[in-house]
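[1] Attaching a predicted model along with its sequence, questions to come.
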Number of protein chains: 2
Amino acid sequence: MSKTTVSTAHPFDQALALMPVAVTAQEHGREATRHWQGHTHAAYWNMVGPFGGLTAAQALQAVLQHPERLGEPVSFTVNFAAALAEGSFRVEARPVRTNRSTQHWTVAILQTDDAGLDSVMLTATAVTAKRRGTWSAADAVMPEVPAPETIARASSARRVAWVQRYDLRPCAGELPAAWDDAEADSLTQLWMRDDPPRPLDFCSLTALADVFYPRVWRRRARMTPVGTVSMTVYFHAGAAELAATGEGYLLGQARAQSFFNGFFDQSAELWNQAGQLLATSHQIVYFKE
Amino acid sequence: MSKTTVSTAHPFDQALALMPVAVTAQEHGREATRHWQGHTHAAYWNMVGPFGGLTAAQALQAVLQHPERLGEPVSFTVNFAAALAEGSFRVEARPVRTNRSTQHWTVAILQTDDAGLDSVMLTATAVTAKRRGTWSAADAVMPEVPAPETIARASSARRVAWVQRYDLRPCAGELPAAWDDAEADSLTQLWMRDDPPRPLDFCSLTALADVFYPRVWRRRARMTPVGTVSMTVYFHAGAAELAATGEGYLLGQARAQSFFNGFFDQSAELWNQAGQLLATSHQIVYFKE
């Protein structure tokens, strides 16, 4: 466990620090819910709330530090119900079903408004599993791109705070240089890692799956208001593979398949430099006009 | 509303019939939970439980018939925690957050065991939304395949019951003719519709997203035990587009990106015959050895 309370801790670890506040007893056949208090972090602030990838990571962290957890994350879905307000929030994580080798979780993040009312800001579900060694194969083809050391880092000047927490090196499909409504494809490929560098784990991999700027901005060269409503991450690696990746860059690729009446999708893949596919991720995003 | 109680109703509508049993008051800032009783259906039985696509549709139906529902489904994620036993089950659906144009849902399916204990069999989350007309575009390319009328229907002889409820016409990537461990790609393309034909709606589209046989069977030409643990459907069409599709065939395409230590993923797209992309879907599936 990293020392998340000292000021020299990585900002991502500072943000992941959750303090236990309560345990709710079993209910309707579900096991105990653990309640934690967390805080938004200025270093990961977006325009009207925190970077969604960080909030997703904080929700996953509640599962990972639950004492009844079985195995490692295989699947994680977060639904962003509302932008978190700056300050503290409550995370609830409950293992609703524990099987022999898999475990199913429900997670919620709540905040209390000025009138003292609790509001649900995020819901999530997770599946954790004790993996067994099996025949394995990756069919997704890693794109051939130049090494990250040979690519200039994208400027984060005039960008929101959280972008500065990532070393992003675009290979293809950069943020449009001109917002001129010139339609293009929706593909982006880029090298990415935490800044400062930090050894990869399930939480940071979850956040990295959300670093792609909105596909509709690329597709249309038009900057319209957007917001992810749901994101799923499938983990195709265990803790050992993430540890072996260490502080190395990941190659991320993302594209959309459909833009329809206010919502578009994004599918993404993340490989480490050794060429191992670590995660695939999908999200659906609200966009205006 | 179709008359689901008469014996001439389509088996899918019979299976979707949920009877209201209770309403739970507001709790922790969440709105009222509605509880319904549903039943498994023999016509959609799989090997050791119901066809997962049907169970997913039953969970979505609880959202769709909730009196507080806002708009239409945009995103739906189901987690299969355990195989339902034959008989009745309880579905709980709760709108946990209602915004101006979007609404977030949590859903659970529970069954009571012989000892009188409730067990969670399925968890789900959904986002519904009042869509507005916007710029729209589909980037996923519909494969060029022969028309469904020119393709022989796949045999459902010696297959489980639910397969007989679908008219499946494979274009590529059929079930391997020989289980000889010959590795291949994981791609399947097929035309599909309900049997008997039934006008498309969000529930049947959800079920159709799950009709593909397991990717690992195709990839390895080896029949190993499998079970979907989580499935997400993104809807890229509204009720009007589904109604316009009517009883027509959908072209479905599915493939895997990773098989790793006991779990593989599947990504799928579903178009109608007019070429409109109606849904994309993703799942992660347990497999043995």
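    Here it is on my side, so go on. What you see is a predicted model; the values in this text were computed from it and never measured.
[2] contacts and neighbour counts: CA atoms only from here.
    Will do.
[3] Do a quick rundown of the strands in the stretch 151-289 of chain A.
    A:166-172, A:188-194, A:226-235, A:250-255, A:258-260, A:263-272, A:277-287 (DSSP state E, counting those that start in this stretch).
[4] Could you dump the ones you listed into JSON lines with mean neighbour count added?
    Converted to JSON lines, these look like this (neighbours: other Cα atoms under 10 Å in any protein chain shown):
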{"stretch": "strand A:166-172", "mean neighbour count": "21"}
{"stretch": "strand A:188-194", "mean neighbour count": "24"}
{"stretch": "strand A:226-235", "mean neighbour count": "24"}
{"stretch": "strand A:250-255", "mean neighbour count": "26"}
{"stretch": "strand A:258-260", "mean neighbour count": "25"}
{"stretch": "strand A:263-272", "mean neighbour count": "24"}
{"stretch": "strand A:277-287", "mean neighbour count": "24"}
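[5] Out of these, which gets nearest to residue B:126?
    Among those, the nearest to residue B:126 by Cα to Cα is strand A:226-235 (8.8 Å).
[6] between that closest one and strand A:277-287, how big is the angle?
    160 degrees (axes from the mean of the first three to the mean of the last three Cα atoms, to 10 degrees).
[7] then strand A:226-235 to CSV, C-alphas only?
    Provided in CSV are the C-alpha atoms of strand A:226-235 (Å, rounded to 0.1, in the frame of the first residue of the first chain):
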residue,chain,number,x,y,z
VAL,A,226,-20.2,16.4,-24.4
GLY,A,227,-20.3,14.1,-21.4
THR,A,228,-19.7,10.4,-21.0
VAL,A,229,-22.8,8.7,-19.6
SER,A,230,-21.5,5.1,-19.4
MET,A,231,-18.1,3.5,-19.7
THR,A,232,-17.1,-0.2,-19.5
VAL,A,233,-13.6,-1.6,-19.1
TYR,A,234,-12.7,-5.2,-19.8
PHE,A,235,-9.4,-6.2,-18.3
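[8] before we move on, the earlier item: any chance of TSV for the strands of the stretch 151-289 of chain A, columns distance to residue A:108 and mean pLDDT?
    As requested, the strands of the stretch 151-289 of chain A are exported to TSV (distance: least, Cα to Cα, whole Å; pLDDT from 0 to 100):
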stretch	distance to residue A:108	mean pLDDT
strand A:166-172	26	97
strand A:188-194	26	98
strand A:226-235	13	98
strand A:250-255	27	98
strand A:258-260	28	98
strand A:263-272	23	98
strand A:277-287	18	98
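[9] For chain B, which of the ones you listed is the nearest?
    Smallest distance to chain B across these (Cα to the nearest Cα): 4.3 Å, for strand A:258-260.
[10] counting contacts, what elements does that closest one pack onto?
    Under the contact definition 3 or more Cα pairs under 8 Å, 6 or more residues apart in numbering or on different chains; DSSP states H and E, strand A:258-260 sits against strand A:263-272, strand B:137-138.
[11] would you list those strands in CSV and tack on distance to residue A:134?
    Shown next, in CSV, are the helices and strands packed on strand A:258-260 (distance: least, Cα to Cα, whole Å):
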stretch, distance to residue A:134
strand A:263-272, 20
strand B:137-138, 37
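[12] wait, which of the ones you listed is closest to residue B:80?
    The nearest among those, by Cα to Cα, is strand A:263-272 at 22.3 Å.
[13] residues from the stretch 101-250 of chain A in reach of chain B?
    Neighbours of chain B within the stretch 101-250 of chain A, by Cα under 8 Å from any Cα of the partner chain: A:103-104, A:106, A:117-121, A:123-125, A:127, A:131-140, A:229-230, A:234, A:236-237.
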